[in-house]
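Q: Got a predicted model here, sequence first, then my questions.
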Amino acid sequence: MATAASLSTSMPSRPTYSCIRCAGRKVKCDRQRPCGACVKYNVDCVFDPAGPPRKRHKRVKQQILTDRIKHFEALLQERGIDPSKLPDTPNSEPRRTLSPTATVVPQESQLQTPCPIESEPSRSVDKAQVVHGQGRSKFIDNGLWTRVVEEFHHPEEALEDSSDEASDLESSDDDFGFVLSSQPKSKTRSHHPSPEHIHQLGQIFIENVDPLTKVVHVPTLRPAIQKAASNIGTIPRSFEALMFAIYGAAVMSLKDDECKERLGEPRKTLLSRYISATRAALSRAKFMGTISLVVLQALVLHLLSVRDIDEPRAVWSLTGVAVRIAQGMGLERDGIFLGLPPFEAEMRRRIWWLLKTHDFRTAELCGLDKFRDLNTGAESTNWPTNVNDDQLYPGMTSLLAASKAVTDNVFVALRYELTNFAAARVTSFREQGKYSSQWDLRASGSDRVAIDKAFEELEELLETKYLRYCDPSQPLHLMTMLTARTALNSVRFLTHHPRGWTSIEQTPLSERQWVWEISIKLLELQNMLQSSPQLKQFAWHAAYFMHWHASIHVLDTLRANPLVAEAEKVWKLIGNTYENNPGMIFDTKKPIHVAVGNLCLKAYSAREAALQNGNTWPTQTPGFVLELRQQREVAKAKRQARDAKSSHPENLVSHGQADAHDMGPRLDADVKYSSDTLESMHLQQSTTSQPPSLTQIDVATEGDPFWFINEFDDVSNSHDVMNMDPEFMLTPDHSVEENAIQNITWEQWDAWLADSNLIPPLSSAPDLSKGN
């Protein structure tokens, strides 16, 4: 045994690793001394001497753990949480700790927990978490991802956001560039204005846009813009997107003459430039996958800038993208219940509710239910607090109570009071088992009593909480007062909407007079919001919220009763409306503009006929009436010329081939609308509901591999009441039958208002830059 032991110590042991030559050539080594490969090639076989064995890391010592606990307790204290007052949970898993740059906050660790209601049944603990840090947050609400995050030693590792990474020349690789524009291939630095104009645009945004949105925190925005203007090359991608969005929103809030005077260029040029730059910057920041609040702020401001330019359905769809991004960051749940710092919780409230109220309006303009997904449950995001911006700061340890005085947030606070009123009505309708299509303020019986009571409470709330403290000499206060009056009168109009009238004869005179007065009041308020010199900075906001139904009712009343009381005054209001909104004349791609114009001409023709019968005549025809008439005469002449040209035999073949997919198996059908307003509008409808035979398809599609595109378009449009040529709408017969008193078909007007998604791109749109 001793001999064997001595032999084993004297002989070299077999190497553990390959020799240097085999390892370099990446071939198998038999680990002999020398190895077979080295013997074969007659080279020296050299093995690296084995190093000392690696020492295994011992577990973290008690002192290190103590130091970490102290560090985390200090972080908790910075966020307003006293570690000594945290409840002990001996039977539960330890809480995730906070890192200097990120926090994983389970929903159980609330900063403020509502007092439990004894009668409330017990429910399971919500395991939702927010991975939070450096202005980014990711919401996690399922077991798989919760477990994944727990595996990270540093929670910020889970924040996989590259908004500010990569080089300037690197294009976005998120595969979603088509949502906004093509992939940017050049730097966006060249699109920034001069430092002087950067400061000027920032100030315009703060004065004109911020008071009505409050989506950014001005005290922290100002120094950031100043620093960025001094060194454009160092701006992070996320903040650069926000800067371009601010430029676009600032220009959007100005009129053309203001842009030329203050910025030296036309409004249309600047707006096109900065909207395009914002799209490119958002794409560079990879907004579709972002978890950055700054990028989301930029996207929300971009939506406000393009809402009057892009197609309404496109804006609504992009708004849906923004809502999904916000939900992915947990904005639909209040930050306090997620354990977030008070300052960020308040900013998240502002962003979320501005986005949602914008979503409600875009849905309404697309003909969809306005409040279909309005949710104000116990865990939903709270309404923004009515406090001044200078009362908020990133290091604050607790949220402030809502101020009882008027603040710089008063307009936003009032808007959310109105949204809260709508939420209460939606909740009531849902409790009654009504679908969204059945939600109607024109109720009767006990429902009518409840609605009237709720409206009275709303009116009293707005008056006692906001309006009595407003100073009309202050632009923001006056804007708030007029908006409140407009909202209250809108609710009054909706509760007495003429769509509920069986006929004018069967409607009490008092009811008709009530609605007439409310409609006139809405026109007056709309004109004040758009034309008051004191509200010039906020005029951009009013046009988007025009009460179309009130205007339609006024015009229809003037058509049916041309000499109604206050007719002269009302026609001046209508003229002011057209003056404040030139797009109502020139933007004929929107059916609602053309339809209202036709109704306006019928009403004025009725007025002329009535005055002539009384041996009087208007002293002067209003300019907007002359423009509308000339526009329709030109359209009629073009149509007649086209019809005459197509009637010649030599043109039939060419025109038939060119327009085959437009005509197809369809014909022009006259559709009768009440009010005798648009009786000559032509709708293209399918002549048969039977599917074509295979033989017919073979004949019709021979030589046309894309035949199915037109066929599917025909099917999808056969029931679309808005599938019409605008020229048909511009050439109606404006004759007015005597004593023609008919009810408006409000469903048709709803369809025209909803189908306003025919606006051309900004580059080809008519120059409407003189108005907002």
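A: Noted; the coordinates are in hand. Residues are numbered from 1 along each chain as shown.
Q: What are the structural domain limits within the protein?
A: Structural domains annotated on the chain: 10-49, 172-290, 530-772, as defined by automatic domain parsing.
Q: least reliable of these going by mean pLDDT?
A: For the domains of the chain, mean pLDDT drops lowest on domain 530-772, to a mean of 66.
Q: Please list all residues in contact with residue 529.
A: For residue 529, the contact set (Cβ atoms under 8 Å, 6 or more residues apart in numbering) comprises 479, 482-483, 486, 535, 538-539, 541-542. For every residue, glycine as well, the C-beta is placed using N, CA and C.
Q: give me that answer again for 7 Å
A: By Cβ atoms under 7 Å, 6 or more residues apart in numbering, the contact list for residue 529 reads 482, 535, 539, 542.
Q: measure the closest residue to the last one other than its chain neighbours to residue 641 for me?
A: Ranked by Cβ to Cβ, 6 or more residues apart in numbering and with sequence neighbours excluded, the top spatial neighbour of residue 542 is residue 529, at 3.8 Å. When Cβ to Cβ, to the nearest Å is the yardstick, residue 529 and residue 641 sit 42 Å from each other.
Q: now swap in residue 391 and tell me
A: From residue 391 to residue 641 the distance is 66 Å (Cβ to Cβ).
Q: again, but for residue 564
A: Distance from residue 564 to residue 641, by Cβ to Cβ: 40 Å.
Q: Neighbour count: those two, which is higher?
A: residue 564 (15 against 10; other Cβ atoms under 10 Å).
Q: three-state assignment of that one?
A: coil (DSSP: H, G, I helix; E, B strand; the rest coil).
Q: Now it. Nearest residue, chain neighbours left out?
A: Per Cβ to Cβ, 6+ apart, closest to residue 564 is residue 557, 6.2 Å.
Q: surely residue 347 meets residue 218?
A: No: using Cβ atoms under 7 Å, residue 347 makes no contact with residue 218, being 11.7 Å away.
Q: Now do the buried residues in stretch 544-562.
A: Neighbour-count burial for stretch 544-562 flags 546-562 (criterion: 16 or more other Cβ atoms under 10 Å).
Q: Take these and keep only those in helices.
A: Per DSSP state H, helices hold the following members of those: 548-560.
Q: does residue 32 count as helix, strand or coil?
A: Residue 32 ends up coil, using three-state DSSP.
Q: Phi and psi next, for it.
A: phi -90, psi 170 (degrees, to the nearest 10).
Q: Look at it and say how many residues are nearby.
A: Neighbours of residue 32 using other Cβ under 10 Å come to 14.
Q: what about it, distance to residue 47?
A: For residue 32, the distance to residue 47 - Cβ to Cβ - is 10 Å.
Q: for residue 211, same thing?
A: In terms of Cβ to Cβ, residue 211 sits 78 Å off from residue 47.
Q: do the same with residue 313
A: From residue 313 to residue 47 the distance is 73 Å (Cβ to Cβ).
Q: Ok, residue 283 next?
A: 56 Å.
Q: again with residue 644
A: For residue 644, the distance to residue 47 - Cβ to Cβ - is 100 Å.
Q: Would you mind telling me which of the two has more residues around it?
A: Neighbour totals were compared for residue 644 and residue 47, and residue 47 leads with 19 against 10 (other Cβ under 10 Å).
Q: So what does the more buried one look like in phi/psi?
A: Note on residue 47: backbone dihedrals following degrees, to the nearest 10 are phi -110, psi 140.
Q: swap in residue 292?
A: According to degrees, to the nearest 10, residue 292 has phi -100, psi 130.
Q: for the residue nearest to residue 542, helix, strand, or coil?
A: Three-state call for residue 529 (three-state DSSP): helix.
Q: Which pLDDT value belongs to it?
A: pLDDT at residue 529 comes out at 95.
Q: Most neighbours out of the contacts of residue 529, which is it?
A: Top of the contacts of residue 529 by neighbour count (other Cβ under 10 Å): residue 542, with 24 neighbours.
Q: and it, what element?
A: Taking DSSP states H and E as the criterion, residue 542 maps to helix 539-542.
Q: quick one: contacts of that helix?
A: Residues contacting helix 539-542 (Cβ under 7 Å, 6+ apart): 212, 252-253, 526, 529-530, 772.
Q: closest to residue 354 among the ones in helices among the buried residues of stretch 544-562?
A: Residue 354 has its nearest neighbour among those in residue 548, at 23.1 Å by Cβ to Cβ.
Q: and the spatially closest residue to residue 239 that is not a sequence neighbour, how many residues sit next to it?
A: Among residues not flanking residue 239 along the chain, residue 294 sits closest, at 5.8 Å (Cβ to Cβ, 6+ apart). By the measure other Cβ under 10 Å, the count of residues near residue 294 is 22.
Q: Please determine how far residue 294 is located from residue 306.
A: 19 Å.
Q: swap in residue 199?
A: 24 Å.
Q: Those two: which is more packed in?
A: Neighbour count, other Cβ under 10 Å: between residue 199 and residue 306, residue 306 has more, with 20 against 15.
Q: Report the contact partners of that one.
A: 275, 315.
Q: Test my guess that the residue nearest to residue 564 contacts residue 566.
A: No: in this structure, residue 557 is not within contact of residue 566 by Cβ under 7 Å, at 10.6 Å.
Q: residues contacting residue 29?
A: 18-19, 22, 35, 37.
Q: Any figure for the gap between the residue nearest to residue 542 and residue 572?
A: 17 Å.
Q: for residue 340, same thing?
A: Residue 340 is 53 Å from residue 572, by Cβ to Cβ.
Q: Show me which of these two is the more surrounded one.
A: For residue 340 versus residue 572, neighbours defined as other Cβ under 10 Å are more numerous around residue 340 (23 against 13).
Q: Helix, strand or coil: sort out that one for me.
A: coil.
Q: and residue 401, which of the three is it?
A: Applying three-state DSSP: residue 401 is coil.
Q: Pull the contacting residues for the residue found closest to it once you drop the neighbours it is linked to in the chain.
A: Distances taken as Cβ to Cβ, 6+ apart place residue 385 nearest to residue 401, at 7.7 Å, with adjacent residues excluded. Neighbouring residues of residue 385 by Cβ under 7 Å, 6+ apart: 346, 399-400, 402.
Q: Return stretch 611-630 as CSV; C-alpha atoms alone will do.
A: Extracted in CSV, the C-alpha atoms of stretch 611-630 (Å, rounded to 0.1, in the frame of the first residue of the first chain):
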residue,chain,number,x,y,z
LEU,A,611,-89.7,88.8,-46.2
GLN,A,612,-90.6,89.1,-49.8
ASN,A,613,-94.1,88.0,-49.1
GLY,A,614,-94.2,90.8,-46.5
ASN,A,615,-93.0,93.3,-49.1
THR,A,616,-89.6,93.6,-47.4
TRP,A,617,-86.2,92.4,-48.4
PRO,A,618,-82.9,91.9,-46.4
THR,A,619,-80.7,94.9,-46.7
GLN,A,620,-77.7,92.8,-47.5
THR,A,621,-77.1,89.1,-48.0
PRO,A,622,-74.5,87.8,-45.4
GLY,A,623,-71.1,87.0,-46.8
PHE,A,624,-71.1,83.4,-45.6
VAL,A,625,-74.4,82.8,-47.5
LEU,A,626,-72.9,84.2,-50.7
GLU,A,627,-69.8,81.9,-50.3
LEU,A,628,-72.0,78.8,-49.6
ARG,A,629,-74.1,79.6,-52.7
GLN,A,630,-71.2,80.2,-54.9
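Q: Name the residues that touch it?
A: Outside stretch 611-630, the residues that reach it (Cβ under 7 Å, 6+ apart) are 571, 575, 578, 585, 597, 600-601, 604, 608.
Q: Might you report the residue contacts of residue 345?
A: Going by Cβ under 7 Å, 6+ apart, the list of residues near residue 345 reads 334-336, 399.
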